[in-house]
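> Sequence first, predicted coordinates after that:
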Amino acid sequence: MNQQGQINPRIRRIVTAVLLGTCFISLASQTMMVTALPVIQEDLHVSLNAVQWLTTGYTLIIGIVTPLSSNMYEKFTNRHVFTGIIGTFILGTLVGCFANNFATLLLARLIQACAGGMLMTFQMTTMISIYPIEKRGAILGLSSLVISAAPALGPTISGLILEFLSWRWLFILVLPLMILAFIVGYLKLPNFSTPRPIKIDYLSVLISLIGSGLALGSLTVFQINLWYGLAMLIIGLLIIAVFTKRQLHLKNPMLKVQIFTYPSFRWMTIVGIFTFMVLLGTEQLMPIYTEKILGMGSFLSGLILLPGAIGNAITAYFVGPIYDKYGPKWLVTIGAVIMLVASIPLVLVNNHSSVIILTVAYMLRMIGNAFVFSPALSEAFSDLSKEENSHGTALNNTLRQISGAVSVTLCVVIANTPASLVSGIRYGMWSTVIMVILMILSFYHYLNIKKANKK
């Protein structure tokens, strides 16, 4: 089925707008809680380690459910998948509107995340399917713009809302937007995909859930009991290994892990992972520092992040077409250098750091992030066939989101480990610098492999 040729250009624009819009709302919701955490912590009387699961749990569940999206895309029509996803997100948002305790609020976030994980992969797979291959860099540039800019804008949006309204309005204001998207999707989204009678392997779903949950949950348990945390991590990793082995022998795997053997997909996905970890880790630490150390409110903390979000979005918009012409080498290199230079003020924070310097440093780091993320995403899909795109997007998103959950948890745990929170923030920022260095090493290793394969 030649989807690119059959779909009407006007309908294609509507589909693109609806998919990018709903994906933006979902991903912004992922980080809206960042600036709200201190407020919710006091309102619901829970610890910082517990309340951070409103962001970590969201990211974790996205990573766990994302592998399912490739099967859903193949088993059902795209309209059914889309309305099911948005309907689930609406349900989670409704629960959040009426949450009166931490457990209910966490449940609302996890239901939203179930939809968010599938929506991101559905959006990327659909965009790749309905546009010709020569526009892939530009289209994935738009996609990566949303994937990186929406989480960056989330804290600023929530900071503005929390300045005038309670944290429940983070759900109330999102609700009508998603209901509108549901209606537009139901009426306008064409059925251009052909369902296949595949059987979903529910044992793989269960194994994935348990393995990922144990491995990621161990990061928080480490603080309470070293041995319990170590046991959870080892058991979780062993279960993930069983899951991976099972996928290799299934006719219709939940996740086609074989595509990770492609050097371009493997190494550029790793580059994207480290880039996303830096983004979420830095974004998590900044509001904790400004609100807990500098005593700023949620609104001002959000404003500090705004120039970075805008810089990230503008840069991502232009980077996609540049990648189509020149490839990833200099874009990623420039981005890495910018990110490292911007790290200097962040690892030297103290009780009286300049807000202006921190704002500029964060903005530069986000601009550098955009230079890397879009080319990494596009290059990762360069050797995948059309049939492998849904599994590629699912695997790429799964690994990135689970790594993002690790980054957020790791940074919060590191920040809370020393007696001084300022020292903890510094150590957390240093951990993001290490991530940037690992990202650079991974990228140049990929370039060496690519160069060797051409000989």
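Nice, thanks for sending it over.
> tell me which strands and helices whichever strand or helix holds residue 265 is in contact with?
Take DSSP states H and E as the rule and residue 265 turns out to sit in helix 263-292. The contact analysis (3 or more Cβ pairs under 8 Å, 6 or more residues apart in numbering; DSSP states H and E) places helix 263-292 against helix 9-44, helix 136-164, helix 298-326, helix 329-346, helix 355-380, helix 389-416, helix 421-454. C-beta coordinates here come from the backbone N, C-alpha and C atoms, glycine included.
> now those helices as CSV including mean pLDDT, mean neighbour count and distance to residue 254?
What follows is the helices and strands packed on helix 263-292, written out as CSV (pLDDT from 0 to 100; neighbours: other Cβ atoms under 10 Å; distance: least, Cβ to Cβ, whole Å):
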stretch, mean pLDDT, mean neighbour count, distance to residue 254
helix 9-44, 83, 21, 22
helix 136-164, 77, 23, 22
helix 298-326, 82, 21, 30
helix 329-346, 93, 19, 31
helix 355-380, 90, 25, 20
helix 389-416, 78, 25, 9
helix 421-454, 90, 17, 26
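> Could you give me the buried positions within the helix holding residue 265?
264-292 (16 or more other Cβ atoms under 10 Å).
> hmm, back to that, which of the helices and strands packed on helix 263-292 sits closest to residue 211?
Residue 211 sits nearest to helix 389-416 of all the helices and strands packed on helix 263-292, at 10.4 Å, using Cβ to Cβ.
> What is that closest one packed up against?
Counting contacts by 3+ Cβ pairs under 8 Å, 6+ apart, helix 389-416 is packed against helix 48-51, helix 53-75, helix 102-130, helix 202-224, helix 263-292, helix 355-380, helix 421-454.
> nearest to residue 401, of those?
helix 53-75 (3.7 Å).
> need the next SSE after that closest one, C-terminal direction.
Counting by DSSP H and E, the element after helix 53-75 in chain order, helix or strand, is helix 78-97.
> Measure how buried residue 123 is and give me the count.
Neighbourhood size, residue 123 [other Cβ atoms under 10 Å]: 29.
> show me the contacts for residue 72.
81, 84, 118, 122 (Cβ atoms under 8 Å, 6 or more residues apart in numbering).
> Out of those residues, which two sit at the greatest distance?
84 and 122 (9.9 Å).
> Report the buried members of the contacts of residue 72.
81, 118, 122.
> Compute the distance between the residue nearest to the first one when sequence neighbours are not counted and residue 12, please.
Right, the one you point to is residue 81. Spatially, and ignoring its direct neighbours in sequence, residue 81 is nearest to residue 72 (5.2 Å; Cβ to Cβ, 6 or more residues apart in numbering). Residue 72 is 22 Å from residue 12, where distance means Cβ to Cβ, to the nearest Å.
> Spit out the contact partners of the residue nearest to residue 217 when sequence neighbours are not counted.
Spatial nearest neighbour of residue 217, chain neighbours left out: residue 232 (6.0 Å); criterion: Cβ to Cβ, 6+ apart. Each residue near residue 232 by Cβ under 8 Å, 6+ apart is listed here: 214-215, 217-218, 221.
> you'd agree residue 240 is up against residue 211?
Yes. Contact status for residue 240 versus residue 211: in contact at 4.0 Å, counting by Cβ atoms under 8 Å.
> Counting neighbours, go ahead and name the busier of these two.
Set residue 240 next to residue 211 and count neighbours by other Cβ under 10 Å: residue 211 wins out with 21 against 18.
> and the gap between the more buried one and residue 217?
11 Å.
> Now do the shared contacts for the two.
Counting by Cβ under 8 Å, 6+ apart, the residues touching both residue 211 and residue 217 are residue 236.
> How much space separates the nearest residue to residue 43 once chain neighbours are set aside from residue 272?
Take residue 43 and drop its neighbours on the chain: the residue closest to it by Cβ to Cβ, 6+ apart is residue 167, 7.0 Å away. Note on residue 167: its distance to residue 272, by Cβ to Cβ, is 31 Å.
> ok, now residue 99?
The gap separating residue 99 from residue 272 is 33 Å, by Cβ to Cβ.
> Residue 441 now?
Separation of residue 441 from residue 272 (Cβ to Cβ): 14 Å.
> Which residues are in contact with the residue most central in space within the chain?
For the chain, the residue nearest the mean C-alpha position is residue 401 (4.8 Å; Cα atoms, centre = their mean). The neighbourhood of residue 401, defined by Cβ under 8 Å, 6+ apart, consists of 59-60, 62-63, 66, 117.
> Just checking, which of those comes out lowest on pLDDT?
Among these, residue 63 carries the lowest pLDDT, at 68.
> picking that back up, which strand or helix spans the residue nearest to residue 217?
Here residue 232, judged by DSSP H and E, is contained in helix 226-249.
> how big is the angle separating that helix from helix 389-416?
Interaxial angle of helix 226-249 relative to helix 389-416 (axes from the mean of the first three to the mean of the last three Cα atoms, to 10 degrees): 170 degrees.
> Return the set of buried residues in helix 226-249.
229, 232-233, 236, 239-240, 243-244, 246-247.
> That helix: how far from the chain's middle?
Relative to its chain's centre, helix 226-249 lies at 22 Å (Cα atoms, centre = their mean, to the nearest Å).
> just stretch 245-257 next, same as before
The answer for stretch 245-257 is 24 Å, by Cα atoms, centre = their mean.
> May I have the distance across it, first residue to last?
Stretch 245-257 has its terminal residues 9 Å apart, counting by Cα to Cα, to the nearest Å.
> again with stretch 319-339
16 Å.
> quick one: contacts of that stretch?
In contact with stretch 319-339 (Cβ under 8 Å, 6+ apart) are residues 134, 136-142, 144-145, 268, 271, 278, 364-365, 367-372, 374-376, 378-379, 436, 439-440, 443, 447.
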